[in-house]
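>>> Here is a sequence with its predicted model. Questions after.
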Amino acid sequence: MKKLALAVLILVSSVTMFAQGFKQLPNVEAIHAFAGMKVPTQSVENNQFGFDYMRFEVIFSDDSSKMRVHFRHDFASSKIQLANVSKKFGNITITAGRFLDPIWYLFPAPHAMAQTAYAASVNSFTVLNDGISLQYDDVLNDKKITVRASIFDCDGNRNVSASVDVALSADTHMGYFVQTRGNKTGFGLMARSALHPLLNVEGGMVSRPTTSAAPVEFYAQNQAKLTDKLSIWLQGDFQAHCDIMSVVRTMVGAAYQYSNNSHLKLFYNFTDKVVIAKVTFFL
């Protein structure tokens, strides 16, 4: 335990020192390191400490040419997550390389997410794409609209993915998405609104692009903000089987944001009857 804590401390200190020096280089827009670690809640022998992700990210940009280069490597999986170049033409941005799928821009990134897991119904959609994407941003009737689309290769097929994010207000969003996977198509919608500090709701309907016993699934979640840093979360996924509905997964837990995009999380999964604890940090 002491050796693990020391290793994490050395990792964080080294990345911080490297980031501070690297930021002095010209045209560096951002440089980040972030990680998420599982914390044993049962038998330590069978449920060890481990990183879900441990990523280093750097973004270069040139305002004069409106070019941007984005690179991200995940040391936990030893894989390059993002490696792309993009150029802006007015309201349109074209990106080539490996990039985040348009669908996942509708949901928080892992380092920004306060829960321990995404809704199960959206997990079947591809997260990272290799290909070309297009993004269009505009404001219509005081509502910001962002349209994203991509053509990418996956599992030997050429696929298409697209999403539309409509900001009805600062606290209310509507999102629509679709993705092809071979000869299958998945689509869905989500709605998010902050009605009260104790009632920050999100819900959606998803038709998954993979073979499933339930052709249509739903998810719902609520964030009750007890303080600016402490929240209680309730989330659940549901399957629709003709005229019956059965719960797939229900979770409840607390998340404490101790720094920017850095959380301590403790959740209970009622479906699997397990306690899930995680700590994340963002530099």
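Looks like it came in fine.
>>> only C-alpha atoms for contact and neighbour calcs from this point on.
Noted.
>>> center of this structure, which residue is that?
Taking CA atoms, centre = their mean, the centroid of the chain lies closest to Ala109, which sits 2.8 Å from it.
>>> Need the phi and psi values for that residue.
Main-chain dihedrals, Ala109, degrees, to the nearest 10: phi -70, psi 160.
>>> What of Leu106?
Torsion angles, degrees, to the nearest 10, at Leu106: phi -80, psi -10.
>>> Sketch out the low-pLDDT regions of this structure for me.
Filtered on pLDDT under 70, the chain yields the residue ranges 1-26, 43-47, 209-214, 241-247.
>>> Break down it into its helices, ranges please.
All helices of the chain, identified by DSSP state H, fall at 2-22.
>>> In it, where's the longest strand?
strand 244-259 (DSSP state E).
>>> Give me the buried positions along it.
For strand 244-259, burial by neighbour count (16 or more other CA atoms under 10 Å) applies to Val248, Arg249, Thr250, Met251, Val252, Gly253, Ala254, Ala255, Tyr256, Gln257.
>>> ok, now stretch 163-183?
Neighbour-count burial for stretch 163-183, counted by 16+ other CA under 10 Å, picks out 163-168, 172-182.
>>> and the closest residue to Val275 other than its chain neighbours, how far is that from Phe51?
Distances taken as CA to CA, 6 or more residues apart in numbering put Tyr268 closest to Val275, at 4.5 Å, once the chain neighbours are dropped. Counting by CA to CA, to the nearest Å, the gap from Tyr268 to Phe51 is 19 Å.
>>> Check Gly182 too.
Taking CA to CA, one finds Gly182 at 32 Å from Phe51.
>>> wait, doesn't Ala83 sit right on Leu100?
No - with contacts counted by CA atoms under 8 Å, Ala83 stays clear of Leu100, the gap being 10.0 Å.
>>> Please enumerate the shared neighbours of the two.
The overlap between the contact sets of Ala83 and Leu100 (CA atoms under 8 Å, 6 or more residues apart in numbering) is empty.
>>> show me where the stretch 1-150 of the chain has strands.
Taking DSSP state E, counting those that start in this stretch, the strands of the stretch 1-150 of the chain run over residues 28-39, 50-62, 67-74, 79-89, 92-100, 128-140, 143-154.
>>> export those strands to CSV and tack on distance to Gln239 and mean neighbour count?
Output for the strands of the stretch 1-150 of the chain, formatted as CSV (distance: least, CA to CA, whole Å; neighbours: other CA atoms under 10 Å):
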stretch, distance to Gln239, mean neighbour count
strand 28-39, 28, 18
strand 50-62, 27, 18
strand 67-74, 33, 19
strand 79-89, 31, 17
strand 92-100, 27, 18
strand 128-140, 26, 17
strand 143-154, 27, 18
